[in-house]
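Give the three-dimensional model of this entry:
(chains A and B)
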2 protein chains.
Amino acid sequence: MSEIEVFRPEPRAPRGFQDRRAADLALERDILAKVSRVYELFGFEALDTSAFEYADALGKFLPDSERPNEGVFALQDDDEQWMALRYDLTAPLARFAAQHAGLLTKPFRRYAYGPVWRNEKPGPGRFREFIQCDADTVGSARPEADAEIIALAVAGLEAAGLPKTAAVLKINNRKLLNGLLKRIGVDHDGQKLAVLRAVDKLDRLGVEGVKLLLGAGRRDESGAFTKGAELNANGIDAVLAYLGAGATGRSATLAKLADVVGGSEEGEAGLRDLDRIGTALTGLGVDEARAFFDPSVVRGLEYYTGAVFEAELVGEVRDAHGDLVRFGSIGGGGRYDDLVARFTGEVTPATGFSFGVSRLAAALKASGSATLPKVRGPVVVIAFSEADMGHYFTVAAELRQAGIPAEVYLGGSGMKAQMKYADRRLSPAVVLLGGDEIAAGTVTIKDLDLGRALSEGVESNEAWRAARPGQATVPRAELVAFVKRILEG
Amino acid sequence: MSEIEVFRPEPRAPRGFQDRRAADLALERDILAKVSRVYELFGFEALDTSAFEYADALGKFLPDSERPNEGVFALQDDDEQWMALRYDLTAPLARFAAQHAGLLTKPFRRYAYGPVWRNEKPGPGRFREFIQCDADTVGSARPEADAEIIALAVAGLEAAGLPKTAAVLKINNRKLLNGLLKRIGVDHDGQKLAVLRAVDKLDRLGVEGVKLLLGAGRRDESGAFTKGAELNANGIDAVLAYLGAGATGRSATLAKLADVVGGSEEGEAGLRDLDRIGTALTGLGVDEARAFFDPSVVRGLEYYTGAVFEAELVGEVRDAHGDLVRFGSIGGGGRYDDLVARFTGEVTPATGFSFGVSRLAAALKASGSATLPKVRGPVVVIAFSEADMGHYFTVAAELRQAGIPAEVYLGGSGMKAQMKYADRRLSPAVVLLGGDEIAAGTVTIKDLDLGRALSEGVESNEAWRAARPGQATVPRAELVAFVKRILEG
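As a prediction, this is how the structure comes out:
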């Protein structure tokens, strides 16, 4: 008889997708719970839309993508309609707000979190599925609605664990540069886009690099040439003056900006919006050092129509090897007054903020603001004998009843392997219940935390040994109290 | 100039997908938090896999489906590999356990929750995306591992809010019927499947219906004929005796079952497994009335190899109209010793339980065990004047600081619409801060809860009016205390 060939698939997660284990999940859930509480405190209510949207509802707003189905995971339904997995949480909100336009109490303040999917080339630390957390207000044209979103972002990041000084919110308004460009005669979209692209590179190339890109163009170290926006000298000066208008304090920045963009209608409107945002932020108690106006903020997404904001980590972050880590933006948002109108044809002002939960978690870890929560294993009841399993389970149930995670070892291995299992799972203790103990109504408890502390040299041998015995046999009635003492350290 | 034709997509969620709002999400999150706590108490750790798996890793275990890509949402990746959205949480766990077979501390006890997707025909209450919550043990062949899963299911459902008497766990073992069928000479898969299908219909057709389906077949009311399993009279009697072997108490049922399936090797093995499950359940303190052996439990999924269990609601549940609602199974699971071996070729015993979170939420609501959490709106600060916005925000910030959800009204409407907004959002109160109040350092607070209670006739006018004024002007310093009194009812 010949053996039948059996197909064995290779066990692997798809490219660009990851499994996450307990410690990472604990941190992420902690962030989401705390941020949700803050969002509810600001009067935002939870909404969950499904993973799929019709492709036409998603539109073409995915960054770096001009075609509707590019960059998303799309498939055709039985009825031939194209569906795609959401690439952010804003597009589904716009669809929801349009769908229920007549019935929704407005302003509609909603928050949401959940996975989004991008069909992009995966790379190190670059995943095709990640968790976003958003808050948006639909139906308010007031600049104060932007201010609330900014205050919410500040409060949310702080609640998540970022120290007050670790992140800043940079605020700008698209209308400023629009007004300025109109004034200096930039009136076709291609040139405008080239200016925006140049401005967006200020961080990376500095003023001199931007100056070249605003003019004829720039050749980089590799010799590659990037064509510039071809502004004349006056135009270049105006844009550079605009970029240099940042000052200490929101009012001081506005005054400097007024010198540069004043006189253009759109620019003046942008200044008025920012002024009202500043007043509201002051009322809300948001510090000038934490949320300030920065004319260089552009934000990539085409759909922004007014205020834009970006949350950035401050200061240098070094990883475990001492190497510098650049996190850049950990979140951002802005006003998008045209997104709901795509469906309804009626202007519906909206503004919101979004942050990447894994990115924030990574930032928290890297900045030393959060260590991964230590995921403790359960107390392990050692399984000596088949016949006594019922007794072991009674002990486990007793511990659980007292709120102490516990389990009976259920593998097939002997004593030594069971101790190793408990150690690997970071169990605080094991419970030994041999025939003698059962007969005498006692239990033996081995303190694994002590063993770990001693082996790590955390505590001096004598000090701890005096306070807690490494192993003790106690009456069954004292089991819970004994284990609690170990857990309390 | 002619108007440009603008494409306006219809705002709608894709067929079979739903949006969920705050009240439903609050209940669902409450369930998941409580169940997670119980699972961790049992020593299970969290794991999250991504939405996608390679299609070959998912296999063909989807119910009602024989072909790999049927019933799932699948698409081809850039590198031409087929990926599919997970249809349950078991298949990804099997892939994960196989992928990390060498390094994983075993037994590996993990829990998981999240959306799963089924590409099936949607219908009323039948969605193509829903939330499952699973707990599984990989790497233990012991029947006690099944018992732990059963105890966990019982404890989890109770923690979620189901009263002790509202649900039962029915337990069976595939080996019993396998052994019996072997003994009565059923040895080809087609006939075996026909018997399983007949047994599975006991609930719906009763003993007489099952008897027909075990024999020649059955004609239903519509005249349609279902071919039977064509057992002879002895065979039919044996299967019916097996189905009738339930008794009060786990030991009594086992004794009756021993009479029916005893003598067959596989049947005896099944009895021994159930006996050990029973002993462990007793040790764990799981009541005989809540988790009992029921020979009629089949469970559809082909991959089960031993113990199977099903959680069912007890008693009649009536909806708001007084109509009877059948929930049937609200969860289930069993032992699947071959699933990891699909990848590795090495037997890796595993057992687990899964429940549908939305289904449980619906059951909780229908059984009156849970009412939807009332999602309160924030305290609304009325916006009278553009110039005073800063003051309004200061008040909102003050309330938030005290842990009271609050917001400034940011729409464009007048006083009456603002009051309606606060009422629609179930706000407990509105804060009025006119020019006089600002000058005098006071605030006026309007108690909306009182208004609601009075209009619902919940409270007599006099009693409440005496205790709480409907509206009061108080010094700013007393704002928080006043609102807190309203919130405390």
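
residue boundaries of the strands in the stretch 151-300 of chain A?
Using DSSP state E, counting those that start in this stretch, the strands of the stretch 151-300 of chain A run over residues A:167-173, A:217-219, A:225-227, A:291-293.

Quick check: which of these is nearest to chain B?
Set against chain B and scored by Cβ to the nearest Cβ, those come closest in strand A:291-293, at 13.3 Å. (Each C-beta comes from the backbone N, C-alpha and C, glycine too.)

who's in contact with stretch A:438-452?
Residues outside stretch A:438-452 that contact it (Cβ atoms under 8 Å, 6 or more residues apart in numbering or on different chains) are A:388, A:391, A:395, A:419, A:422-423, A:427-434, A:437, A:464, A:468-476, A:479, A:482-483, A:486, A:489.

What count of nearby residues applies to the residue of the stretch 101-250 of chain A found nearest chain B?
Residue of the stretch 101-250 of chain A nearest chain B, by Cβ to the nearest Cβ: A:Ser140 (4.1 Å). Residues within reach of A:Ser140, counting by other Cβ atoms under 10 Å in any protein chain shown, total 23.

ok, back up a step: any chance of JSON lines for the strands of the stretch 151-300 of chain A, columns mean neighbour count, distance to A:Thr90 and mean pLDDT?
Conversion of these to JSON lines gives the following (neighbours: other Cβ atoms under 10 Å in any protein chain shown; distance: least, Cβ to Cβ, whole Å; pLDDT from 0 to 100):
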{"stretch": "strand A:167-173", "mean neighbour count": "24", "distance to A:Thr90": "18", "mean pLDDT": "95"}
{"stretch": "strand A:217-219", "mean neighbour count": "15", "distance to A:Thr90": "33", "mean pLDDT": "94"}
{"stretch": "strand A:225-227", "mean neighbour count": "12", "distance to A:Thr90": "30", "mean pLDDT": "94"}
{"stretch": "strand A:291-293", "mean neighbour count": "24", "distance to A:Thr90": "21", "mean pLDDT": "96"}
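
Tabulate these (JSON lines), appending distance to chain B.
Formatted as JSON lines, the strands of the stretch 151-300 of chain A follow (distance: least, Cβ to the nearest Cβ, whole Å):
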{"stretch": "strand A:167-173", "distance to chain B": "16"}
{"stretch": "strand A:217-219", "distance to chain B": "33"}
{"stretch": "strand A:225-227", "distance to chain B": "28"}
{"stretch": "strand A:291-293", "distance to chain B": "13"}
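
still on that earlier bit, contact partners for the residue of the stretch 101-250 of chain A closest to chain B?
So A:Ser140 contacts A:106-107, A:349, A:351, B:410-412 (Cβ under 8 Å, 6+ apart).

for A:Thr394, same thing?
Taking Cβ under 8 Å, 6+ apart, we find A:Thr394 in contact with B:283-285.

where do the strands sit along the stretch 1-150 of chain A?
Along the stretch 1-150 of chain A, counting by DSSP E, counting those that start in this stretch, strands occupy A:20-21, A:45-48, A:52-54, A:74-76, A:82-85, A:108-117, A:129-138.

Of the ones you listed, which stretch is the most buried?
Mean neighbour count (mean count of other Cβ atoms under 10 Å in any protein chain shown) peaks for strand A:52-54 among those, with a mean of 25.

and that one with chain B, contact?
Yes - if you take Cβ under 8 Å from any Cβ of the partner chain as the test, strand A:52-54 does meet chain B, through A:52-54.

so what's whichever residue of the stretch 201-350 of chain A sits closest to chain B closest to, chain neighbours aside?
Closest approach between the stretch 201-350 of chain A and chain B, counting by Cβ to the nearest Cβ: A:Gly283, at 3.2 Å. Distance criterion Cβ to Cβ, 6 or more residues apart in numbering or on different chains; nearest residue to A:Gly283, sequence neighbours excluded, is B:Phe393 at 3.2 Å.

low pLDDT regions in the stretch 201-350 of chain A?
Applying pLDDT under 70 to the stretch 201-350 of chain A flags the ranges A:301, A:317-320, A:325-326.

now the helices for it?
Ranges of helices within the stretch 201-350 of chain A are A:202-214, A:233-243, A:250-261, A:265-283, A:341-344, based on DSSP state H, counting those that start in this stretch.

Next, the angle from the fourth one to strand A:167-173.
Using axes from the mean of the first three to the mean of the last three Cα atoms, to 10 degrees, the inter-axis angle of helix A:265-283 relative to strand A:167-173 is 150 degrees.

Give me the contacts around helix A:265-283.
The list of residues contacting helix A:265-283 from outside it, by Cβ under 8 Å, 6+ apart, reads A:142-144, A:146-148, A:150-151, A:171, A:173-176, A:178-180, A:182-183, A:250-251, A:254, A:257-258, A:261-262, A:291, A:293, A:306-307, B:389-394, B:397.

sorry, back to before: the residue of the stretch 201-350 of chain A closest to chain B and A:Phe292, how far apart?
Distance of A:Gly283 to A:Phe292, given as Cβ to Cβ, to the nearest Å: 16 Å.

for A:Ile404, what are its contacts?
Taking Cβ under 8 Å, 6+ apart, we find A:Ile404 in contact with A:378-379, A:480, A:483-484, A:487, B:41.

Quick one: residues contacting A:Thr344.
Contacts for A:Thr344 (Cβ under 8 Å, 6+ apart) come out as A:98, A:101, B:8, B:11.

buried sites along the helix or strand that contains A:Phe393?
Under the criterion of DSSP states H and E, A:Phe393 resides in helix A:389-401. Across helix A:389-401, burial judged by 16 or more other Cβ atoms under 10 Å in any protein chain shown covers A:389-400.

what's the answer for stretch A:151-167, then?
Residues of stretch A:151-167 classed as buried by neighbour count (16+ other Cβ under 10 Å): A:151-162, A:166-167.

For the residues you listed, work out which two are farthest apart.
Spanning the widest gap among these are A:Ala151 and A:Gly161, at 18.0 Å by Cβ to Cβ.
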